[in-house]
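> Sequence isn't available, so here's the structure alone:
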């Protein structure tokens, strides 16, 4: 029996640099909805929103449920434990980690990484070379549970996979090259600041489609960058 995979997307309304960005609008939808819809469109695993147990995140909870997405709510700062508990609650053996500030995340990435993780019998897998903000990560629940038991630094608890990634003597870590047409690490498509928000809004508008592929986003980013096109 194949290990059961699931996509867990973390998000919360609080953001130090761009408060409320999860509900900011891009392409006629909130950033969170764009992120969730893209992961749902991957079609390889159920999607769960992992948000906090604070009242201000009730709006994110409601939005996800309206889309038919499962919700798990947990600790604000210990995101690692939130992931472990969410994976256990939904019975995921393999977790695709996505975040709520990446509305250009590659729709095909979850499927590729599930194949890499299974094919290499790895504990963790990611891709190298995608635009900044387009990637996801794959990690086994077993690795997350071990990390949760052993990691004590605050950054390890906040960044979920950091403990696994830097302990390659314990965990089997695989870094696969991104598909050649998508290798544009110079392109930034995450939303962390007000400038990022305007930039990604422009990219969505330039594609002229409701849910642009990462390749379409890269193409319009290249045209807007002019001389930066490879």
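Structure received. Keep in mind that what you see is a predicted model, and the values were worked out from it rather than measured.

> Let's verify residue 212: helix, strand, or coil?
Under DSSP: H, G, I helix; E, B strand; the rest coil, the three-state class of residue 212 is coil.

> Can you name the residues that contact it?
Counting by Cβ atoms under 8 Å, 6 or more residues apart in numbering, residue 212 makes contact with 104, 203-204, 220. C-betas here are computed from N, CA, C, even on glycine.

> Just the closest of those to residue 178, please.
Each of these was scored against residue 178 by Cβ to Cβ, and residue 104 proved nearest at 13.8 Å.

> Can you give me the pLDDT of the closest one?
Here, the pLDDT recorded for residue 104 equals 98.

> Spatially nearest residue to it (excluding sequence neighbours)?
residue 189 (3.7 Å; Cβ to Cβ, 6 or more residues apart in numbering).

> Would you enumerate the residues in contact with the one you found?
Taking Cβ under 8 Å, 6+ apart, we find residue 189 in contact with 102-104, 131-134, 200, 203, 217, 221.

> how does it look with 6 Å?
Counting by Cβ atoms under 6 Å, 6 or more residues apart in numbering, residue 189 touches 104, 131, 133-134.

> Mind naming the longest helix for this protein?
helix 194-207 (DSSP state H).

> what angle separates the following helix or strand past it from helix 194-207?
Later in the chain than helix 194-207, the nearest helix or strand by DSSP states H and E is helix 214-225. Using axes from the mean of the first three to the mean of the last three Cα atoms, to 10 degrees, the inter-axis angle of helix 214-225 relative to helix 194-207 is 110 degrees.

> Counting neighbours, show which residues of helix 214-225 come out buried.
214, 216-222 (16 or more other Cβ atoms under 10 Å).

> Off-centre distance for it?
Chain-centre distance of helix 214-225: 20 Å, with Cα atoms, centre = their mean, to the nearest Å.

> any idea of the mean pLDDT in that helix?
Computed over helix 214-225, the mean pLDDT rounds to 85.

> packing partners for it?
Here helix 214-225 touches helix 194-207, going by 3 or more Cβ pairs under 6 Å, 6 or more residues apart in numbering; DSSP states H and E.

> List the buried residues in the helix it packs on.
By neighbour count on 16+ other Cβ under 10 Å, the buried set for helix 194-207 is 196-197, 199-201, 203-204, 207.

> which residue sits closest to the residue nearest to the spatial centre of the chain in space, ignoring its chain neighbours?
The centroid of the chain falls nearest to residue 98 when counting by Cα atoms, centre = their mean (1.6 Å). With sequence-adjacent residues excluded and distances taken as Cβ to Cβ, 6+ apart, residue 98 is closest to residue 9, at 4.2 Å.

> so where do the strands sit in this protein?
Ranges of strands in the chain, per DSSP state E, are 5-10, 25-26, 29-30, 47-52, 70-74, 94-99, 124-128, 137-140, 173-177.

> what does the first one contact?
The contact list for strand 5-10 (Cβ under 6 Å, 6+ apart) reads 35, 39, 45-50, 83, 86, 90, 92, 94-96, 98-100, 110, 114.
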